[in-house]
Every structure is written in C-alpha cells, then in structure tokens.
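>>> this is a predicted model, with the sequence first.
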Amino acid sequence: MARDHGDGGAAALWYISPGKAELRAEPEARPGASDVVIRALHSALSRGTERLVFTGSVPETEFERMRCPFMAGAFPFPVKYGYAMVGEVAAGREDLRGRTVFALHPHQTEFALPADAVVTVPDRVPARRAVLAANMETALNAVWDAAPGPADRIAVVGGGVVGLLVAWLCGALPRADVTVVDIDPARAEPASRLGVGFALPDGAPRDCDLVVHASGNGAGLTTALQLAGDEATILELSWYGRSEVTAPFGAAFHSRRLRLISSQVGRVAPSHRTRWTPRRRLAAALDLLADPRLDVLLAPALPLADLPGRLSQIFSPKSRALCQVIDYPASRQPS
C-alpha cells in the first residue's frame, strides 16, 4: 500500500498495523546550521528486529528500549522504523557534501540529520555493502562479549546475517575452528564463501569452547547448549520479542558449569565501554566491510516503491534471503 507523496517529495516506509505497511509523505527536509541533508541510496531491512516491528511483536516492556535513534511514531503502531541507511550528503556541512555516509535512520528517500549523527563510509567500501554496518556493529559487539581466542572450537548456531558475520569475525582468529550450524543446508554456501565451516545440527561439532546462538528460536538455543563443552560459554544473541522460550536447564546443565551470557548492541560491550563510544564502534564496523566476500550476504535489491507489498514475503520464515537491500531513486541516477 502506498500513499501519494507528490512529485519530488520525500517518502518513508511506515509500519501501520500488524502485517501492514505503507509509504507516507514526509515534510521537506529543513536543515539547521549543524545539519546535513541526506539523499538515500540504499537501506537494509533487519529480518529479525524489523519483523517483530512489522508483526506488532515488540513487548510493551521494551517500547522505550527498542526505539531507534530517528524513529517516528510510537509502538506498537504506526511507526517509522529502521537503522541501516546509506546515502549521499546533498547539502549542509561543506566537508561532507558529496560524501557517502551511513546513518541509523529509517527507510526514507531524503531527510536532514545533525552532521555528527552520520559516519562517513570508507572509500574502499561500496555503498550497497555499507548497509551491513548495523549488523556488523552487532556482530562486533557480540565478539567482544564472547571473547573467543586463537585455536578455539567455535560454533555459531543460526546462519542469518548476524550469525554469519560473527562466524566471519571469529574465523580471522589464528587456528580457530569455526562452524556455522543451521537447519537450512543452503546456508553452507555463504559460510563457505566467508571461509568458515558449516554443519546441520546433527553433524555439528561438540565440546566447543564457545557457542554463539543467533537463530532466534528455542530449538536453536537447545542445540547451542548441547554443543558446548564443559565449562564453556554460550552467548545468547537472539532476541525473541514476546515469544516465550524453553531451554533444557535441567539434567547436566549445572554439573557441566555452563556459562550462559547475553549480548545486545544497545550498549558497548563492558570489555570496551570505558574506551569506545558507539560512534567509534560503528566506524570500525564500516571499516570491517571492506572484504568483498561479504557481498554474499546481500539479497538482490528491491526498489522502495515495491517494499510495502513485499514485506510479508521478505519476513516469512520460508524466505531464504539474508540481507534485503532497498534501492532508492538516487541510486539509479548517473553520477
């Protein structure tokens, strides 16, 4: 569904009720003295968090914590939500004009932001790949929380975008044995292209030093607990929204002295918090995206105009898309 937003006017994606979204007209960007105007090139959907927003599954207790920096509206609906935007600075601060930047902004064709709310995309990172920055930031924070070491045996349960990025980061450790574990055999290809192993749950390595759970369902958490060796760490990276999850904390869970910890990107990991700001962490995440192998995570792009009618398909559990990229009119204009 789309509302007429006028010739040349800005448009944004709004989630308006469970399972429904539309494009709405937005006021013309009116930048202040310290602002920049961003013309959108590409953005990305989060198939985890944004699916919960789309379906109205954000718990009421998390309404405030779940707000993204430039969200409009209020949970549960209507909300303008998203946090993976890449665009070009069209007006504002002279040193940023014409630069490609990343912003934690919803899906919108043009908008104004404070200049200090954007981070410049490194020249060696293509604009379309830069939409992975928010996911990479989550993965980087998770690796800081998990503290893997060289030669560790590491399993990442859940081969979505964040899980694959965590595996890729861990795979850079000397002699680390990293395996992505997923029920979908198709996840073997991106795992292989990122230089890590793949296994279905029944064939996954046991006695792991570290297990990262990123599947988003309780069965995956059970698998993660089963793969952990005695006194190992299980890092819980999934967020379940309103869903209740059961896990086998009986049997040998306590006698094996397993350590279950959570990770969430809203705050810098404790190991780095005194020295790192979120902005520094985001800049590091963008710099990590220089590896062209990461393009395997990007699904074929959709134009913004088609997005409202395709969201149910994109967010369906049957979808095999990893990172759904959205293209904007400015991305198709000759430079």
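Good, I have the coordinates.
>>> tell me where the model's unsure across this structure.
Per-residue confidence for the chain (pLDDT under 70) gives these ranges: 1-8, 332-335.
>>> so for it, which residue is the most central one in space?
residue 135 (3.1 Å; CA atoms, centre = their mean).
>>> how about that residue, secondary structure?
helix (DSSP: H, G, I helix; E, B strand; the rest coil).
>>> quick one: contacts for it?
44, 46, 84, 161-162, 165, 323 (CB atoms under 8 Å, 6 or more residues apart in numbering). The way it works is simple: take the backbone N, C-alpha and C, and place the C-beta from them, glycine included.
>>> so which of the residues you listed sit within helices?
161-162, 165 (DSSP state H).
>>> how about those residues in a markdown table, adding neighbour count and distance to residue 239?
Formatted as a markdown table, the ones in helices among the contacts of residue 135 follow (neighbours: other CB atoms under 10 Å; distance: CB to CB, whole Å):
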| residue | neighbour count | distance to residue 239 |
| --- | --- | --- |
| 161 | 28 | 14 |
| 162 | 29 | 10 |
| 165 | 28 | 16 |
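>>> out of the residues you listed, which comes closest to residue 282?
residue 165 (14.1 Å; CB to CB).
>>> isn't the closest one right next to residue 143, touching?
No. Look at residue 165 against residue 143 with CB atoms under 8 Å: they stay out of range, at 9.1 Å.
>>> ends of stretch 215-235, what's the gap?
This stretch, stretch 215-235, spans 12 Å end to end (CA to CA, to the nearest Å).
>>> that one: how far from the chain's middle?
21 Å (CA atoms, centre = their mean, to the nearest Å).
>>> please apply the same query to stretch 201-209.
How far stretch 201-209 lies from its chain's middle: 26 Å, per CA atoms, centre = their mean.
>>> mind listing the residues bridging to residue 87?
Beta-bridge pairing for residue 87 (DSSP bridges): residue 40, residue 101.
>>> residue 149 and residue 95, how far apart?
According to CB to CB, to the nearest Å, residue 149 and residue 95 sit 41 Å apart.
>>> okay, the two: which has more neighbours?
residue 149 (14 against 10; other CB atoms under 10 Å).
>>> so residue 284 is in which element?
Assigned by DSSP states H and E, residue 284 falls within helix 278-288.
>>> buried residues in stretch 158-174, which are they?
158-171, 173 (16 or more other CB atoms under 10 Å).
>>> got it, and stretch 214-226?
Within stretch 214-226, the residues scored as buried using 16+ other CB under 10 Å are 214-218, 220-225.
>>> quick check: domain ranges of the chain?
As recorded under automatic domain parsing, the domains making up the chain are 10-134+277-332, 148-262.
>>> I'd like the ones you listed as a markdown table, with distance to residue 269 appended.
As requested, the domains of the chain are arranged in a markdown table below (distance: least, CB to CB, whole Å):
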| stretch | distance to residue 269 |
| --- | --- |
| domain 10-134+277-332 | 9 |
| domain 148-262 | 11 |
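>>> what comes up buried for stretch 90-98?
Buried residues in stretch 90-98, counted by 16+ other CB under 10 Å: 90, 92-93, 96.
>>> kindly report the same for stretch 188-196.
188, 190-191, 194, 196.
>>> got it, and stretch 41-60?
For stretch 41-60, the buried set under the neighbour-count rule, 16+ other CB under 10 Å, comprises 41-56, 58.
>>> now do the helices in the stretch 101-250 of the chain.
133-146, 161-171, 188-193, 218-227 (DSSP state H, counting those that start in this stretch).
>>> circling back: tell me which of the ones in helices among the contacts of residue 135 is nearest to residue 266?
Of those, the one sitting nearest to residue 266 (CB to CB) turns out to be residue 162, at 14.4 Å.
>>> I'd say the closest one and residue 48 touch.
Yes. Between residue 162 and residue 48 there is a contact under CB under 8 Å: 7.4 Å.
>>> could you tell me which residues within stretch 199-207 count as buried?
Applying 16+ other CB under 10 Å to stretch 199-207 flags 199, 201, 204-205 as buried.
>>> so how far is residue 302 from residue 43?
11 Å.
>>> shared neighbours of these two, anything?
With CB under 8 Å, 6+ apart as the test, residue 43 and residue 302 both reach 325-326.
>>> could I get the helices of the stretch 101-250 of the chain as CSV with distance to residue 238?
Putting these into CSV (distance: least, CB to CB, whole Å) gives the following:
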stretch, distance to residue 238
helix 133-146, 11
helix 161-171, 9
helix 188-193, 18
helix 218-227, 7
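>>> select, out of those helices, the one closest to residue 115.
helix 133-146 (17.6 Å).
>>> dump the closest one to CSV, keeping only the CA atoms.
Extracted C-alpha coordinates of helix 133-146, given in CSV (Å, rounded to 0.1, in the frame of the first residue of the first chain):
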residue,chain,number,x,y,z
ALA,A,133,27.1,-1.7,9.0
ALA,A,134,24.5,-2.0,11.7
ASN,A,135,24.6,-5.9,11.5
MET,A,136,28.4,-5.8,11.6
GLU,A,137,28.3,-3.5,14.7
THR,A,138,26.0,-6.1,16.4
ALA,A,139,28.4,-8.9,15.5
LEU,A,140,31.5,-6.9,16.6
ASN,A,141,29.9,-6.2,20.0
ALA,A,142,29.0,-9.9,20.3
VAL,A,143,32.5,-11.0,19.7
TRP,A,144,33.7,-8.5,22.3
ASP,A,145,31.2,-10.0,24.7
ALA,A,146,32.1,-13.6,23.9
